[in-house]
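Participant: structure for the following, please:
(one chain, ligands or ions: 2)
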Amino acid sequence: MNKRVIPAVVLAACTIAAVTASGADAVKSLRGDVSPTVTNSPPPLPPQQIQEGSFARAWKEQPPLIPHRMEKYEIDLKVNQCLRCHDRPFYQEAKATKIGDSHYKDRDGKQLDQVSRSRWFCTQCHVPQSDLAPQMQNTFRGGGE
Ligand code: HEC
Ligand code: HEC
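Facilitator: Ligands and ions are numbered 1, 2, ... in the order given. Model (predicted):
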């Protein structure tokens, strides 16, 4: 073998060995060391950011963010406890924001007496916030109110 090629081959072999060794160490299941037959406990939730009044919206049609505690308000097939403060008959007394008129229309734009079933699961769109550093930087700038 050519004398100049030998060091290159040795270097390549060492690099492959090093990568393989560190790769073997680096492979770690997202489940941690918990056996697949055991149900893993979820990581603790970061504290919710509570504030008086609204969060600024990043764009006009953004579903407003939830500024108050909400883990006790049940939403299931029959019960929706968000309605007892935000629905038309109750919002004034509760001093809560009235649910948007768009929520009382069905998918064909027909007016309904009650909140549309397509808006039933409020937390599908309205979410709480936590004051955390972004996991990944991005250049998005909100342009809303
Ligand atoms: C006990 C009454 C009450 C209940 C129940 C309640 N809210 Fe509220 N909510 C309020 C009040 C009062 C505000 C006004 C803002 C504040 O907290 O000062 C508000 C504000 C909001 C806002 C912000 C509106 C805006 O324009 O910024 C959202 C979104 C919201 N609530 C969603 C929900 C959802 C979803 C639920 C159910 C999981 C819920 N709320 C249950 C009283 C309530
Ligand atoms: C499919 C997504 C979606 C669901 C489900 C939904 N919302 Fe909304 N909501 C929005 C969007 C988008 C807006 C802002 C535009 C608008 O008013 O339609 C909004 C606006 C609001 C507002 C503010 C209205 C205003 O005039 O500023 C309140 C309060 C609200 N929603 C409460 C609720 C509650 C309570 C529920 C559950 C019964 C719910 N929403 C379900 C998307 C949703």
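Participant: please count neighbours and contacts with C-alpha atoms only from this point.
Facilitator: Noted.
Participant: in this protein, where is pLDDT below threshold?
Facilitator: 1-25, 144-145 (pLDDT under 70).
Participant: can you give me the helices in this structure?
Facilitator: With DSSP state H as the criterion, the chain has helices at 5-26, 83-86, 91-94.
Participant: so which bits of the second one are buried?
Facilitator: For helix 83-86, burial by neighbour count (16 or more other C-alpha atoms under 10 Å) applies to L83, C85, H86.
Participant: format these as TSV; extra columns: distance to ligand 1.
Facilitator: Output for those, formatted as TSV (distance: C-alpha to the nearest ligand atom, whole Å):
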residue	distance to ligand 1
L83	7
C85	4
H86	6
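Participant: residues in contact with P36?
Facilitator: By C-alpha atoms under 8 Å, 6 or more residues apart in numbering, P36 lies in contact with nothing.
Participant: now do the phi/psi pair for it.
Facilitator: For P36, the backbone dihedrals (degrees, to the nearest 10) come out as phi -60, psi -20.
Participant: ok, it to G143 distance?
Facilitator: 45 Å (C-alpha to C-alpha, to the nearest Å).
Participant: and for C122?
Facilitator: Distance from C122 to G143, by C-alpha to C-alpha: 24 Å.
Participant: do the same with T123
Facilitator: Going from T123 to G143 by C-alpha to C-alpha gives 23 Å.
Participant: just N80 next, same as before
Facilitator: Distance of N80 to G143, computed by C-alpha to C-alpha: 32 Å.
Participant: could you do Y91 as well?
Facilitator: Computed as C-alpha to C-alpha, the Y91 to G143 distance reads 28 Å.
Participant: check G100 too.
Facilitator: Applying C-alpha to C-alpha, the value for G100 to G143 is 21 Å.
Participant: who has more neighbours out of the two?
Facilitator: Applying other C-alpha atoms under 10 Å to G100 and G143 shows that G100 carries more neighbours, namely 12 against 9.
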